[in-house]
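A.B. asks: need a 3D model of the following:
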Amino acid sequence: MKRVLACLAVLALSAFVATSSFADDEPKKKKKGGEGGKGKGNPVLTQAMKALEAANLTDEQKGKVKELAAKMMEETKALAGEGLTAELTKKRGELMKAAREAGKKGKDLAAAANEGLSEAELAVVKKETQIQGKFRKAVLALLTDEQKAALPETMIKTWSGPEKGKGGKKKEAA
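C.D. replies: Numbering: from 1, shown residues only. Here you go, the predicted structure:
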């Protein structure tokens, strides 16, 4: 159940990131409350910092996370030219919500979220997922073992990426 919740949190974050990325391309003058240093202009940074609160990041780590988040946002925005739109993100969110309400979990839930998408849409969604995975792995690499221990186990598993669960095939090949 925890794994499903963690996956849902990641998918919700991706929907939030994509929607926020395309919501408006106005200059960043409209930051709320003048809290420019707290990541209000970058939803990836805001979400990551909130998720990492328990790790008590150093100022240096916070700066590196900020750089990684900015890079992820740039890469995600670049996908707009390949077909990643707010409409696509909304469509996937609605499909996922319906699937969750129907009781689907795990791989069935992910498959339902991609139901009815074209090959091009699936390709851009896959690229977005890879960008997010690269970001999460890079952030985890910044943390000490003590900081990782302070985070929820499900978060570590989710942020570490799926290849941890697919280690069996690698061992057989070796």
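A.B. asks: by contact count, what packs against the top helix by length along the chain?
C.D. replies: Longest helix of the chain, by residue count under DSSP state H: helix 119-142. With contacts taken as 3 or more C-beta pairs under 8 Å, 6 or more residues apart in numbering; DSSP states H and E, helix 119-142 sits against helix 2-23, helix 43-51, helix 59-78, helix 86-101, helix 153-160. Backbone N, C-alpha and C define where each C-beta goes, glycine included.
A.B. asks: how about a cut-off of 6 Å?
C.D. replies: Helix 119-142 is packed against helix 59-78, with contacts defined by 3 or more C-beta pairs under 6 Å, 6 or more residues apart in numbering; DSSP states H and E.
A.B. asks: report the rounded mean pLDDT for the helix it packs on.
C.D. replies: If you average the pLDDT over helix 59-78, you get 92.
A.B. asks: ok, residues contacting it?
C.D. replies: Residues from elsewhere that reach helix 59-78, judged by C-beta atoms under 6 Å, 6 or more residues apart in numbering: 21, 42, 44, 45, 48, 131, 135, 138, 139, 142.
A.B. asks: CA atoms of that helix as CSV?
C.D. replies: Provided in CSV are the C-alpha atoms of helix 59-78 (Å, rounded to 0.1, in the frame of the first residue of the first chain):
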residue,chain,number,x,y,z
ASP,A,59,23.0,25.1,2.6
GLU,A,60,25.3,23.6,0.0
GLN,A,61,23.0,20.7,-0.6
LYS,A,62,20.0,23.0,-0.9
GLY,A,63,21.9,25.0,-3.6
LYS,A,64,22.7,21.8,-5.5
VAL,A,65,19.0,20.7,-5.3
LYS,A,66,18.0,24.1,-6.6
GLU,A,67,20.3,23.8,-9.6
LEU,A,68,19.1,20.2,-10.3
ALA,A,69,15.4,21.4,-10.1
ALA,A,70,16.1,24.3,-12.5
LYS,A,71,17.7,21.9,-14.9
MET,A,72,14.8,19.5,-14.7
MET,A,73,12.3,22.3,-15.3
GLU,A,74,14.3,23.4,-18.4
GLU,A,75,14.3,19.8,-19.7
THR,A,76,10.6,19.4,-19.1
LYS,A,77,9.8,22.6,-20.8
ALA,A,78,11.8,21.5,-23.8
